[in-house]
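> sequence plus predicted model, see below.
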Amino acid sequence: MWAVPFCGWWQTINQQDLYDATNPGPRPRAAPPGATTQATAATATNAAPRRIIELMDKITLLNEARYAERLCQRTARLYRHLQASTVFLSVLGGSGVMSALAQGVPAWVPVAGAVVLATFGAVNLAVRPADKAAANEADCKRYAQLRTAGQSMTEAELSVALNKARESDTAEVEALREVAFNDLLREMGRSDAQVPLKPHQRVLGALA
């Protein structure tokens, strides 16, 4: 489940910076102007931090939904590119096989075509990239809708909706988790907190 690594990475981000980035304007003050009694000042002092915590928790949940959306986008694109590659190479291999009907074609051409056709045709049948891409695209739309609806939800309602959305998640590509997380950080202007990527993750990130 993508939520587990996300929660761990999220602890590296300064929550107050996120609050400032998503809530322009002055921060809530502990005691409002005109407070005349000690009881009123104490109540306001306690209420403001609670309100900030509630906002921060909701922002975190919304960012979790955005992270899931980016992960689904990346995964869907990777499978779409894989689908296009396997189809192209299968057609190319099939053309090589058909070249055996023509005169003057070297014998190795149809043999090589048959190998390419069989290999990438098998990959297409085994991996089924089109189906996995469609499933991730559906998940992406669901999380995008959740982010929009979440603006008017309370923290508790958003948490329940997010957990419900996770129940029907399709399988993701493990190596793309860090790539999607870095996407989110760049969107928030926190490129300094990006997770270092391994070489194979950089390759997959470029393909996706």
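Right, received. Where do you want to start? Keep in mind it's a predicted model, so treat the numbers as computed, not measured.
> this structure: strands as residue ranges?
Ranges of strands within the chain: none, based on DSSP state E.
> my guess is Y79 meets K132, correct?
Yes - with contact defined as C-beta atoms under 8 Å, Y79 and K132 form a contacting pair (4.7 Å). All C-beta spots, glycine's among them, are computed from the backbone N, C-alpha and C.
> contacts only, for L204.
Neighbouring residues of L204 by C-beta atoms under 8 Å, 6 or more residues apart in numbering: 78, 173, 175-176, 179.
> buried subset of these?
Neighbour counting by 16 or more other C-beta atoms under 10 Å classes 78, 173, 175-176, 179 among the contacts of L204 as buried.
> in helices, which of these fall?
With helices defined by DSSP state H, the entries of these inside them are 78, 176, 179.
> okay, the residues you listed in a markdown table with pLDDT and distance to K58 next?
Converted to a markdown table, these look like this (pLDDT from 0 to 100; distance: C-beta to C-beta, whole Å):
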| residue | pLDDT | distance to K58 |
| --- | --- | --- |
| L78 | 94 | 31 |
| L176 | 92 | 26 |
| V179 | 93 | 25 |
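> contacts only, for the residue most central in space within the chain.
By C-alpha atoms, centre = their mean, the chain has its centre lying nearest to L71, at 1.9 Å. By C-beta under 8 Å, 6+ apart, the contact set of L71 is 2, 172, 176-177, 180.
> related to what we said a few turns ago, G121: which of the ones in helices among the buried ones among the contacts of L204 is nearest?
Using C-beta to C-beta, L78 comes nearest to G121 of those, at 19.7 Å.
> quick one: that closest one and A102, what's the gap?
37 Å (C-beta to C-beta, to the nearest Å).
> go on, R74?
With C-beta to C-beta as the criterion, R74 and A102 are 43 Å apart.
> comparing these two, which shows the higher neighbour count?
When neighbours are counted by other C-beta atoms under 10 Å, R74 comes out ahead of the other of R74 and A102, with 24 against 9.
> list the contacts of that one.
Per C-beta under 8 Å, 6+ apart, neighbours of R74: 173, 176, 179-180, 183, 205, 208.
> hmm, back to that, who's the closest spatial neighbour of the residue nearest to the centre of the chain, skipping the chain neighbours?
A180 (3.9 Å; C-beta to C-beta, 6 or more residues apart in numbering).
> what pLDDT does that neighbour get?
pLDDT for A180: 92.
> Y67 is in contact with that one, correct?
Yes - when contacts are counted by C-beta under 8 Å, A180 is listed as touching Y67 (6.0 Å).
> and of the contacts of R74, the nearest to A84?
Closest approach to A84 among the contacts of R74 (C-beta to C-beta): A208, at 12.9 Å.
> and for the closest one, the neighbour number?
Residues near A208, counting by other C-beta under 10 Å: 21.
> check contacts around it.
74-75, 77-78, 81, 173, 176, 179.
> if we go to 6 Å?
Counting by C-beta atoms under 6 Å, 6 or more residues apart in numbering, A208 touches 74, 77-78.
> same check on S99?
105, 109-110.
> and C72, by the same measure?
Taking C-beta under 6 Å, 6+ apart as the test, what C72 contacts is 136, 139-140.
> next step: those residues restricted to helices.
Filtering the contacts of C72 for helices - DSSP H - leaves 136, 139-140.
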